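1. Dropping a prediction and its sequence here:
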Amino acid sequence: MAELIPVGGADEVGDGSVRSFEVHGAEIAVARSAGKLYAFSDICTHRRCNLSMGGEIDGDEITCECHGSTFNMGTGEVIEGPATEPIEVYPVIEQDQQILIEA
């Protein structure tokens, strides 16, 4: 059964930003856009670049700076290639000023 893992303070991920956290050995990115939190694999499925390192957020999408692949942060689906495989997404909540990821 999955558990809620505290990864950081709510103030560590400002609106329009993304930050990477290690959870059980996996690199998971947490982004906030229009006040909503998203958690997803920090590794682009195209060439394994880190999405949190220069990834551009637009609404519920993030674009990898390496080769321009765009993903939906809520569903993981590829919006625009060259990536063809989706990224993994995780349930995330903010509670008591903490960010919690279900992993």
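-> Yes, it's here.
2. where does this structure dip in pLDDT?
-> Applying pLDDT under 70 to the chain picks out residues 1.
3. what about the strands in this protein?
-> 4-9, 17-23, 26-33, 36-41, 56-58, 61-63, 70-72, 78-80, 89-90, 92-95, 98-102 (DSSP state E).
4. Let's have these in TSV, adding distance to residue 47 and mean neighbour count.
-> Where you see a C-beta, it was placed from the backbone N, CA and C, and this is true even at glycine. Compiled in TSV, those are given as follows (distance: least, Cβ to Cβ, whole Å; neighbours: other Cβ atoms under 10 Å):
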stretch	distance to residue 47	mean neighbour count
strand 4-9	25	15
strand 17-23	17	17
strand 26-33	15	21
strand 36-41	14	21
strand 56-58	17	15
strand 61-63	14	21
strand 70-72	14	21
strand 78-80	14	15
strand 89-90	20	18
strand 92-95	25	15
strand 98-102	25	19
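5. Save the ones you listed as CSV, and put in distance to residue 50 too.
-> Listed next are these as CSV, based on distance: least, Cβ to Cβ, whole Å:
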stretch, distance to residue 50
strand 4-9, 16
strand 17-23, 6
strand 26-33, 7
strand 36-41, 10
strand 56-58, 13
strand 61-63, 11
strand 70-72, 13
strand 78-80, 17
strand 89-90, 16
strand 92-95, 18
strand 98-102, 17
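6. which other residues reach stretch 63-83?
-> 31, 33, 38, 40-41, 44-47, 49, 51, 53-57, 60-62, 84-89 (Cβ atoms under 8 Å, 6 or more residues apart in numbering).
7. cool, stretch 92-103 as well?
-> 2-13, 21, 23-24, 26, 28, 30, 37-39, 90-91.
8. hmm, 7 Å instead?
-> 2, 4-10, 13, 23-24, 28, 30, 37-39, 90-91 (Cβ atoms under 7 Å, 6 or more residues apart in numbering).
9. Pull out the CA atoms of that stretch and give them to me as CSV.
-> The C-alpha trace of stretch 92-103 is given here as CSV (Å, rounded to 0.1, in the frame of the first residue of the first chain):
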residue,chain,number,x,y,z
VAL,A,92,0.4,15.0,-4.1
ILE,A,93,-1.2,17.1,-1.4
GLU,A,94,-0.4,20.0,0.7
GLN,A,95,-1.2,19.5,4.4
ASP,A,96,0.0,21.4,7.5
GLN,A,97,2.4,23.5,5.3
GLN,A,98,4.1,20.3,4.1
ILE,A,99,4.1,18.7,0.6
LEU,A,100,3.2,15.0,0.7
ILE,A,101,3.6,12.6,-2.2
GLU,A,102,1.9,9.2,-2.3
ALA,A,103,4.6,6.7,-3.3
